[in-house]
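**Q** Okay, here's the prediction I keep looking at, along with the sequence it came from:
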Amino acid sequence: MSAQPDQDYEDMMKWDANEIPLEDIDVSQADLYKANVMWPFFDRLRKEAPVHYCRASENGPYWSVTKYKDIMEVEANAEVYSSEPTIGLRDPFDDLKVSMFIAMDEPKHGDQRKTVQGIVAPNSLATMEPIIRSRICEILDALPVNETFNWVDKVSIELTTQMLATLFDFPFEERAKLTYWSDVATTVPAPGALIETREEQTATLLECLEAFTKLWNERVNAPPTGDLISMLAHGESTRNMEPMEFLGNLMLLIVGGNDTTRNSLSGGVLALNEFPEQYAKLRANPGLIPKMVPEIIRWQTPLTHMRRTATRDTVLGGQNIKEGEKVVMWYVSGNRDEEAIEDPYQFIIDREKPRQHLSFGFGIHRCMGNRLAEMQLRITWEEILKRFEKVEVVGEPVRNHSPFVKGFAELPVQLRPLKKA
């Protein structure tokens, strides 16, 4: 569960984004996302300081890049803006000194990415589609109607956990561990949180490594198969990985395969309830689902940011950035940039250019599993509309206490059955 509000949280709720001195704004604070009150801060930064320097935070000083065009400029220039040593403001694996290919530059990044990319190739996705549809049908058919339940737990987590177990060929009966490890990796340790200390976080991640090392040892001595562990064990650029590099790539694939789909599944339900005219439009025309899916992903923005590190002195948005400084691309802000996206604060399921968003990143580090995520969302909504008049939100969502993974711990809903003709 997410951390409970503390005094800092209570103080933060009294803040006015327009009264705080510009230089004191720190959009990396987890409490902002827990309370979903970060929007006015990003609005102000985009207007007054699109490339903004935060001189003091619990993660040290950093630059915030908040406009769509500037984020695209950083993403497109991997030579100046390096993904090494880490892609997060805070590195949850710092104590373990892990590495992962998303936090590598070329050529190593490309070599390792190619090793596992085949699992989301078009032919692989075509094979997976009936499996995904069968599983989502089973999940939806087991849900109670006209009774309150947590959509996050019963649908979003269950579907993505089943998918992860399939991709890794992980013991299906133990699949809940995958979600737990993903949550541990992305939780900010705090009293009352899922993980309270960095030491506890480190110990749990080492348990993950131990479990997957056993699977590695089994797969490396067997003929290659189509699961991710076998791909890594037999891949030319990955078969000689050190344990911490293996752990890093594991967590990348687990978190990447979990959070985008999981939190967009919940975020889409919430968005349709907040914009009931769009829900009515969807019910009247289910053919809009393919356009709605990328709009859900833009609206939710499951990962708020990615970090780069300047490899040399450079200039971005008129600001002088020095070699070694942290440069943070706030996707969550770029996806609300009115200069790039028309009516960005409106959830519109039939946008003309629905894929014009930053949730999957851009350039060489663009999300490898973006089409798999979209496919899972598309199938889920196709099957929802066959069964229910509405997935109705009946209580306040509980959001993650994280400035990185923008998602939900709880979303109370009730299912309304289709009206008989």
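**A** Perfect, thanks for sending it. Numbering: from 1, shown residues only.
**Q** For stretch 226-241, list every residue counted as buried.
**A** Applying a neighbour-count criterion of 16 or more other C-beta atoms under 10 Å, one finds 227-235, 237-238, 241 buried in stretch 226-241. Just so you know, the C-beta spots here come from the backbone N, C-alpha and C atoms, and that holds for glycine as well.
**Q** Please export the alpha-carbon coordinates of that stretch; CSV is fine.
**A** Below are the C-alpha coordinates for stretch 226-241, written out as CSV (Å, rounded to 0.1, in the frame of the first residue of the first chain):
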residue,chain,number,x,y,z
GLY,A,226,10.7,-17.9,-26.8
ASP,A,227,10.5,-16.6,-23.2
LEU,A,228,12.5,-13.6,-21.9
ILE,A,229,14.8,-15.6,-19.6
SER,A,230,15.8,-18.0,-22.3
MET,A,231,16.4,-15.1,-24.7
LEU,A,232,18.7,-13.4,-22.2
ALA,A,233,20.5,-16.7,-21.3
HIS,A,234,21.2,-17.5,-24.9
GLY,A,235,21.7,-14.0,-26.4
GLU,A,236,25.2,-13.2,-27.5
SER,A,237,25.2,-9.8,-25.8
THR,A,238,23.5,-10.9,-22.6
ARG,A,239,24.6,-14.5,-21.8
ASN,A,240,27.7,-13.4,-19.9
MET,A,241,26.0,-10.7,-17.8
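**Q** centre of the chain versus that stretch, how much separation?
**A** The chain centroid and the centroid of stretch 226-241 are separated by 24 Å under C-alpha atoms, centre = their mean, to the nearest Å.
**Q** Please apply the same query to stretch 169-183.
**A** 17 Å.
**Q** what does that stretch rub up against?
**A** With contact meaning C-beta atoms under 8 Å, 6 or more residues apart in numbering, stretch 169-183 is reached by 157, 160-162, 164-165, 168, 194, 204-205, 208, 211, 215, 225, 227-230, 251, 254-255, 258-259.
**Q** re the thing from before, can you list which of the buried residues of stretch 226-241 are found in helices?
**A** If you go by DSSP state H, the buried residues of stretch 226-241 have 228-234 in helices.
**Q** any idea which of those residues is the one closest to Ser264?
**A** Nearest to Ser264 out of these is Leu228 (C-beta to C-beta; 21.2 Å).
**Q** Turn the ones in helices among the buried residues of stretch 226-241 into TSV, columns for distance to Arg378 and pLDDT.
**A** Below are these laid out as TSV (distance: C-beta to C-beta, whole Å; pLDDT from 0 to 100):
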residue	distance to Arg378	pLDDT
Leu228	23	84
Ile229	27	87
Ser230	28	88
Met231	25	86
Leu232	28	84
Ala233	32	87
His234	32	87
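**Q** from those, which is closest to Glu245?
**A** Of all those, Leu232 has the smallest distance to Glu245: 10.0 Å, by C-beta to C-beta.
**Q** Confirm for me that that closest one is in contact with Met241.
**A** Yes: in this structure Leu232 lies within contact range of Met241 using C-beta atoms under 8 Å: 7.3 Å.
**Q** Now the common contact residues for the two.
**A** Asn249.
**Q** Low-confidence stretches in the stretch 1-150 of the chain?
**A** Across the stretch 1-150 of the chain, the ranges flagged by pLDDT under 70 are 1-15, 90-120.
**Q** Could I get the full set of strands for it?
**A** 51-54, 62-65, 81-82, 149-150 (DSSP state E, counting those that start in this stretch).
**Q** hey, which of those is tucked in deepest?
**A** Scoring the strands of the stretch 1-150 of the chain by mean neighbour count under mean count of other C-beta atoms under 10 Å gives strand 62-65 as the most buried, with a mean of 25.
**Q** Which elements pack onto that one?
**A** strand 51-54, strand 326-330 (3 or more C-beta pairs under 8 Å, 6 or more residues apart in numbering; DSSP states H and E).
**Q** Can you pull out the residues in contact with the last one?
**A** Counting by C-beta under 8 Å, 6+ apart, strand 326-330 makes contact with 27-28, 42, 59-66, 71, 74-75, 81, 89, 304-310, 316, 321, 358, all of which sit outside it.
**Q** Kindly report the same for the first one.
**A** Applying C-beta under 8 Å, 6+ apart, the set of residues contacting strand 51-54 from outside is 22-23, 25-28, 45, 61-66, 70, 316-319, 321.
**Q** In strands, which of the contacts of stretch 169-183 fall?
**A** Among the contacts of stretch 169-183, no member is found in strands (DSSP state E).
**Q** can you pull out the helices in the stretch 101-250 of the chain?
**A** Ranges of helices in the stretch 101-250 of the chain, per DSSP state H, counting those that start in this stretch, are 108-117, 122-141, 151, 158-168, 176-186, 198-220, 228-234, 243-274.
**Q** Select, out of those helices, the one closest to Lys291.
**A** The minimum distance between Lys291 and the helices of the stretch 101-250 of the chain falls on helix 243-274, with 12.6 Å, by C-beta to C-beta.
**Q** what's the following helix or strand after the closest one?
**A** With elements assigned by DSSP states H and E, the helix or strand that comes after helix 243-274 is helix 276-284.
**Q** end to end, how far does stretch 346-353 reach?
**A** 14 Å (C-alpha to C-alpha, to the nearest Å).
**Q** can you pull the buried residues of that stretch?
**A** For stretch 346-353, the neighbour count (16+ other C-beta under 10 Å) marks 347-349, 351 as buried.
**Q** what about that stretch, average pLDDT?
**A** For stretch 346-353, the mean per-residue pLDDT is 96.
**Q** Quick one: distance of it to the chain centre.
**A** 21 Å.
**Q** and what of stretch 270-284?
**A** With C-alpha atoms, centre = their mean as the basis, stretch 270-284 stands 23 Å off its chain's centre.
**Q** how about it: buried residues?
**A** 270-273, 275, 278-279, 281-282.
**Q** what's in contact with that stretch?
**A** Counting by C-beta under 8 Å, 6+ apart, 288-289, 292, 296, 299-300, 346-350, 381, 385, 389-393, 397, 408, 411 sit against stretch 270-284.
**Q** Quick check: end-to-end length of that stretch?
**A** End-to-end distance for stretch 270-284, by C-alpha to C-alpha: 19 Å.
**Q** Could you tell me the average pLDDT over that stretch, please?
**A** On average, stretch 270-284 scores 98.
**Q** All the strands of the stretch 301-421 of the chain, in order from the start?
**A** Remark: strands assigned in the stretch 301-421 of the chain by DSSP E, counting those that start in this stretch are 305-310, 314-316, 319-321, 326-330, 388-393, 398-399, 408-410, 412-417.
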